[in-house]
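Enquirer: Have a look; sequence and predicted model below, questions after that.
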Amino acid sequence: MSRDILLVDDDEIFILTASVVLKKAYPGSNILIAKNGEEALKLLDKQSPDLILLDLNMPIMDGWDFLSAAANKPLPPIFIVSSSVDPKEKEKASAMKQVKGFIEKPLDAKKIVGLL
């Protein structure tokens, strides 16, 4: 079954490695890429992914601003993927109904099993 996974991150190396990990964990999945929250919002107007993996720190529109801007849109499960280990960020993320979890970078198969 083909699934669409939206990866929202501005780090090219992370996008490359995460795409490989996601393709191995979910063969046949389609990886959609947005480099910031603004690109992700535009993409959501055209497509409905099954899962969103969202970085917090990005230029133009960060992950928090994306979550605020998309609050009234029908969204799939969102997992924050961040290198931040700040407990306040984890707490803030867990308080948002559309956020289903917080995954620390780097991404590996163990961390994403069962997300879809």
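Expert: Perfect, thanks for sending it. Numbering: from 1, shown residues only.
Enquirer: buried stuff in the lengthiest helix in the chain?
Expert: As assigned by DSSP state H, the longest helix anywhere in the chain is helix 12-25. Of the residues in helix 12-25, F14, I15, A18, S19, V21, L22, A25 count as buried by neighbour count, 16 or more other C-beta atoms under 10 Å. To be clear about C-beta, it is placed using only N, CA and C from the backbone, and glycine gets the same treatment.
Enquirer: Redo the residues you listed as TSV? Include pLDDT.
Expert: Converted to TSV, the buried residues of helix 12-25 look like this (pLDDT from 0 to 100):
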residue	pLDDT
F14	93
I15	95
A18	93
S19	94
V21	93
L22	93
A25	90
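Enquirer: Check those residues against K88 and report the nearest one.
Expert: K88 lies nearest to F14 out of these, by C-beta to C-beta, at 22.4 Å.
Enquirer: N30: neighbour count?
Expert: Counted with other C-beta atoms under 10 Å, the neighbours of N30 add up to 15.
Enquirer: and it, what is it in contact with?
Expert: By C-beta atoms under 8 Å, 6 or more residues apart in numbering, the contact set of N30 is S2, R3, D4, I5.
Enquirer: Roughly how far does the third one sit from Y26?
Expert: Right, the one you point to is D4. D4 is 10 Å from Y26, where distance means C-beta to C-beta, to the nearest Å.
Enquirer: Same check on V85?
Expert: Counting by C-beta to C-beta, the gap from V85 to Y26 is 26 Å.
Enquirer: who's more crowded, those two?
Expert: For V85 and Y26, the more surrounded residue by other C-beta under 10 Å is Y26, and the numbers stand at 20 against 10.
Enquirer: Wait, that one touches R3, no?
Expert: Yes - if you go by C-beta atoms under 8 Å, Y26 and R3 touch, sitting 5.9 Å apart.
Enquirer: Only C-alpha atoms, please: export the longest helix of the chain in PDB.
Expert: Output of helix 12-25 as PDB, limited to C-alpha atoms (Å, rounded to 0.1, in the frame of the first residue of the first chain):
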ATOM      1  CA  GLU A  12      19.500  18.500   3.100                       C
ATOM      2  CA  ILE A  13      21.600  15.700   4.700                       C
ATOM      3  CA  PHE A  14      18.700  14.900   7.100                       C
ATOM      4  CA  ILE A  15      16.200  14.800   4.200                       C
ATOM      5  CA  LEU A  16      18.500  12.400   2.300                       C
ATOM      6  CA  THR A  17      19.100  10.100   5.300                       C
ATOM      7  CA  ALA A  18      15.500  10.200   6.600                       C
ATOM      8  CA  SER A  19      14.200   9.400   3.100                       C
ATOM      9  CA  VAL A  20      16.300   6.300   3.000                       C
ATOM     10  CA  VAL A  21      15.200   5.200   6.400                       C
ATOM     11  CA  LEU A  22      11.500   5.900   5.600                       C
ATOM     12  CA  LYS A  23      11.700   4.000   2.300                       C
ATOM     13  CA  LYS A  24      13.200   1.000   4.100                       C
ATOM     14  CA  ALA A  25      10.600   1.100   6.900                       C
END
